[in-house]
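K.L.:
kindly return the folded structure for what I paste below:
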Amino acid sequence: MSAQPFQHIVIAIAVTLTFFAFAKAQTAQVTVNQDNRITELLDLKSSLTKDNKLADRYKIQLYSGSLNTASATLKKYRNRIGTWTSAIKHETPNYKVWIGNFRNRLEADRALMEIRKEFSSAFIFKPDN
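P.N.:
Take a look at the predicted model:
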């Protein structure tokens, strides 16, 4: 009797045992202990994102200067165009009239084309959060 068939049997048994050892090692159970506040934080982030408070947005500035002129500029915008949200922001020492909350530059560019018909010095920017 030759040693070859015996070696093949030993190799086959070794491969089979190795396969079952790895197959057995792959079955495991993982338990995750998660803080309940994580769910609350995820819900809060989702809410803020939905309300556009965390998003990287573009705005259009119509004016920067005195409060009286800023108020007049805002009133003029609302009476003549008024399509997008508008507000006066105070950044010492100036008051600024900001328009919109555009998701991307293309949206802002389209709005700027219309706004520049009435406000030639208007420009697009990304506010610092």
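K.L.:
helix, strand, or coil at residue 9?
P.N.:
helix (DSSP: H, G, I helix; E, B strand; the rest coil).
K.L.:
neighbours of it, how many?
P.N.:
Using other C-beta atoms under 10 Å, residue 9 has 10 neighbouring residues. No exception for glycine: its C-beta is placed from N, CA and C like everyone else's.
K.L.:
could you check how far it is from residue 105?
P.N.:
Remark: distance between residue 9 and residue 105 (C-beta to C-beta, to the nearest Å) = 71 Å.
K.L.:
now the element after the helix or strand bottoming out on mean pLDDT in the chain, going C-ward?
P.N.:
Within the chain, confidence by mean pLDDT, DSSP states H and E is lowest for helix 4-25 among all helices and strands, at a mean of 71. Using DSSP states H and E, the helix or strand that follows helix 4-25 in sequence is helix 36-50.
K.L.:
low-confidence regions, the chain specifically.
P.N.:
1-4, 17, 19-27, 51-55, 129 (pLDDT under 70).
K.L.:
surely residue 109 and residue 124 touch.
P.N.:
Yes. In this structure, residue 109 is within contact of residue 124 by C-beta atoms under 8 Å, at 7.0 Å.
K.L.:
comparing those two, which shows the higher neighbour count?
P.N.:
Neighbours per residue (other C-beta under 10 Å) separate residue 109 from residue 124, with residue 124 holding more: 18 against 13.
K.L.:
the more buried one - that's part of a helix, no?
P.N.:
No. Under three-state DSSP, residue 124 sits outside any helix and is assigned strand.
K.L.:
from here on, call the first residue 18.
P.N.:
Shifting the count to begin at 18 puts that one at residue 141.
K.L.:
which residues does it bridge with?
P.N.:
residue 77 (DSSP bridges).
K.L.:
which ones are touching it?
P.N.:
Contact analysis of residue 141 by C-beta atoms under 8 Å, 6 or more residues apart in numbering lists 75-77, 119, 122, 125-126, 129.
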